[in-house]
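> The following comprises the amino acid sequence and a computationally predicted model.
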Amino acid sequence: MAAPLIEESVEINASAEDVWAVISDLQRMGEWSPQCKKMVIRGGPVGLGTRTLNINRRGPLVWPTTSKVIRFAPNQELAFRVAENRTVWSYTLEPAGAGVKVTERREVADGTTKVSSFLVDKMMGGTTNFEAELKLGMAETLAEIKRAAEKTGSSAA
């Protein structure tokens, strides 16, 4: 059974606005995430209700998913729900030191779909291994977001 919550955090030495500019540019997700290689934004600018087509990769496996932005509070929080497995991925920003703390979460309130559970078990090495990999991937994603946001902040100075 999927863990109800997986999360990682990082402190970023940049303004909430600079961090938000990076996080809310979902089409750049492929630059940061080790698993989500591409997010195609459907429609206009990213906001509440925006839909995406996502291309994911893990080794030789490639699969599409779709998602919808379900929470969108500029400089505070961005969350989207993946339709195929009911997971909610979010990025929350809060003041910390000279910048902001960003927390990435994967929430599974009511469990994933039977198809997703089967595929994780048979194709991804089981839930425990896959979720450990997701947690490491979050840390990698946040490190890339940090790098991009701090670069943006220093070039604006």
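Cool, got the structure. These figures come from a predicted structure and were not determined experimentally.

> and the most centrally placed residue in the chain, what does it touch?
In the chain, the C-alpha nearest the mean C-alpha coordinate belongs to Trp89, at 5.3 Å (Cα atoms, centre = their mean). Shown in contact with Trp89 (Cβ atoms under 8 Å, 6 or more residues apart in numbering): Ser67, Ala79, Phe80, Val82, Glu104, Arg105, Arg106, Glu107. Quick note: C-beta positions are derived from backbone N, CA and C, even for glycine.

> would you turn these into CSV with secondary structure, distance to Val40 and pLDDT?
Shown next, in CSV, are the contacts of Trp89 (DSSP: H, G, I helix; E, B strand; the rest coil; distance: Cβ to Cβ, whole Å; pLDDT from 0 to 100):
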residue, secondary structure, distance to Val40, pLDDT
Ser67, strand, 11, 97
Ala79, strand, 18, 98
Phe80, strand, 13, 97
Val82, strand, 14, 94
Glu104, strand, 21, 97
Arg105, strand, 23, 97
Arg106, strand, 21, 93
Glu107, strand, 23, 93
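
> how about low-confidence regions in this structure?
Along the chain, the parts satisfying pLDDT under 70 run over 153-157.

> The same query, at a cut-off of 90, please.
When residues are selected by pLDDT under 90, those of the chain lie in 1-5, 43-44, 58-61, 85, 97-98, 109-134, 152-157.

> all strands in it, in order from the N-terminus.
Secondary structure of the chain (DSSP state E): strands at 5-12, 36-42, 51-58, 61-73, 77-82, 88-96, 99-107.
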